[in-house]
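Asks: sequence? don't have it. structure:
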């Protein structure tokens with residue numbers, strides 16, 4: 001009888017704790033590589049999205065300039081592309097908005113990181129700026145400023 005029970009025990013198939021730990025270590029390594037790759041691509045995608053948004057705002061500001069003869073004042077900013085300025089600075093505005101209001105939240109135009117786009121009219125021209133992921137001036141990589149002057 002003892003021989004049968006030992007023989008049966010030796011034929012059991014299964015994984016040891018060490019084998020399971022090796023499999024988990026391999027899976028963890030693969031997961032970390034995937035997370036790193038996806039995160040890097042997400043950062044690049046957000047930067048590209050900000051450039052595309054600024055480019056679209058620039059096109060619409062040029063249409064505004066064609067209709068109004070000047071760019072919106074700093075006080076109105078990008079909101080002048082959605083709502084006609086009330087100071088009479090653009091009597092030929094519209095009749096349809098230059099942009100849909102879907103790009104703004106409570107009157108603020110938000111970049112892909114949730115920070116507000118900065119708009120300023122300077123000597124008859126303008127600048128649109130995203131301060132990047134850190135929402136502070138300057139920086140490198142994902143934290144770098146993205147300006148309409150660079151697009």
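Replies: Perfect, I can see it now. The structure displayed is predicted, hence computed values, not measured ones. Numbers count the residues shown, from 1 in each chain.
Asks: partners of the residue lying closest to residue 104 once chain neighbours are set aside in the sheet?
Replies: Excluding the flanking residues, the one nearest residue 104 by C-beta to C-beta, 6 or more residues apart in numbering is residue 110, at 6.9 Å. Heads up, the C-betas are built off the backbone N, CA and C, glycines and all. Beta bridges link residue 110 to residue 116, judged by DSSP bridges.
Asks: what is the burial count for residue 110?
Replies: A count of neighbours around residue 110, defined by other C-beta atoms under 10 Å, yields 15.
Asks: could you identify the helix or strand that succeeds the helix-or-strand element of the chain with minimal mean pLDDT?
Replies: Least confident element among the helices and strands of the chain, by mean pLDDT, DSSP states H and E: helix 2-11 (a mean of 54). Per DSSP states H and E, the first helix or strand lying C-terminal to helix 2-11 is helix 17-68.
Asks: tell me where the model's unsure across this structure.
Replies: 1-12, 102-103 (pLDDT under 70).
Asks: which ones are touching residue 63?
Replies: The contact partners of residue 63, taken as C-beta atoms under 8 Å, 6 or more residues apart in numbering, are residue 98.
Asks: picking up where we left off before, would you mind measuring from the residue nearest to residue 104 to residue 46?
Replies: 12 Å (C-beta to C-beta, to the nearest Å).
Asks: same thing with residue 90?
Replies: 32 Å.
Asks: same check, this time on residue 52
Replies: 11 Å.
Asks: neighbour-wise, which of the two wins?
Replies: residue 46 (18 against 12).
Asks: so that one makes contact with residue 112?
Replies: Yes: contact criterion C-beta atoms under 8 Å: residue 46 and residue 112 qualify, at 4.0 Å.
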